[in-house]
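> Build the 3D model from these lines:
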Amino acid sequence: MMKFVWLVTAMLCSVLWTGFAAASSVAPQASSSKKNTRVQAPAKAVDKPVVLSEEQLAVAPTVATGVLPCELAQKVSVQAHPEHAGHFAVESGKQRFVMVPVATSTGAIRLEDAARGAVWLQLANKSMLMDHRQGRRLADACMNAEQQAVALAMEKNPAPNLLEPLPAPQDGAAMK
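All right, here's what the predicted structure looks like:
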């Protein structure tokens, strides 16, 4: 039994020693190559314009453009792309995205930059910029004048609660 323990210990030590020796012989070469070569920044990827369908091009005129003030003193700029029809340049702070319309079944206007994982969602009462990869909002409650009017109307006349029963009729006119 003692020979077995000794054999396993010797094999383990030799494996570890070989690993350390290999690592130490590689490290000086890597550091010396860094001194002799210049580090180059990776080339920026050129975004090729996405070919849009007729449905996507039909959504483009309904996108609200301009600089929209948002909550927490943020601003988002949405502008039609100067070179590509149906594309939009969306900026928030230092972040810039080139977005295309995406068809939705709800009637909401959705712009998406699939390469960077950004989504601009425009509803009747507000818009928001989201990072769907990280699952967080980059800017929320962004509103132009039309959206502010809708938000105010929704505040004054809220939608009925679907979980509560309808109020009973006040007069006998409903019985007729």
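> So for the residue nearest to Ala64 when sequence neighbours are not counted, what's the pLDDT?
Residue nearest to Ala64 in three dimensions, not counting chain neighbours: Asn144, with 5.1 Å by CB to CB, 6 or more residues apart in numbering. (Glycine included, C-beta is placed from N, CA and C.) The pLDDT attached to Asn144 in the predicted structure is 95.
> From the structure, what's the count of residues near Asn144?
17 (other CB atoms under 10 Å).
> what's the spacing between it and Cys70?
In this structure, Asn144 lies at 11 Å from Cys70, with CB to CB, to the nearest Å as the measure.
> burial measure for Ala60, as a count.
18.
> so what's it closest to, chain neighbours aside?
Taking CB to CB, 6+ apart, and ignoring the residues beside it in sequence, Ala60 has Gly86 as its nearest neighbour in space, at 4.5 Å.
> and the gap between the one you found and Ala159?
Gly86 is 33 Å from Ala159, where distance means CB to CB.
> For those two, indicate the residue with more neighbours.
Legend: neighbour count by other CB under 10 Å for Gly86 and Ala159, higher for Gly86 (21 against 6).
> in the protein, which spans are helices?
Ranges of helices in the chain, per DSSP state H, are 2-36, 54-59, 145-156.
> and the last one, what does it pack onto?
I take that to be helix 145-156. Helices and strands touching helix 145-156, as assessed by 3 or more CB pairs under 8 Å, 6 or more residues apart in numbering; DSSP states H and E, are absent.
> buried sites along that helix?
Of the residues in helix 145-156, those with enough neighbours to count as buried (16 or more other CB atoms under 10 Å) are Gln147, Ala151.
> Give me the contacts around that helix.
Outside of helix 145-156, the residues within contact range by CB atoms under 8 Å, 6 or more residues apart in numbering are Ala64, Leu123, Ala124, Asn125, Lys126, Ser127, Met143.
> Nothing else from me, thank you.
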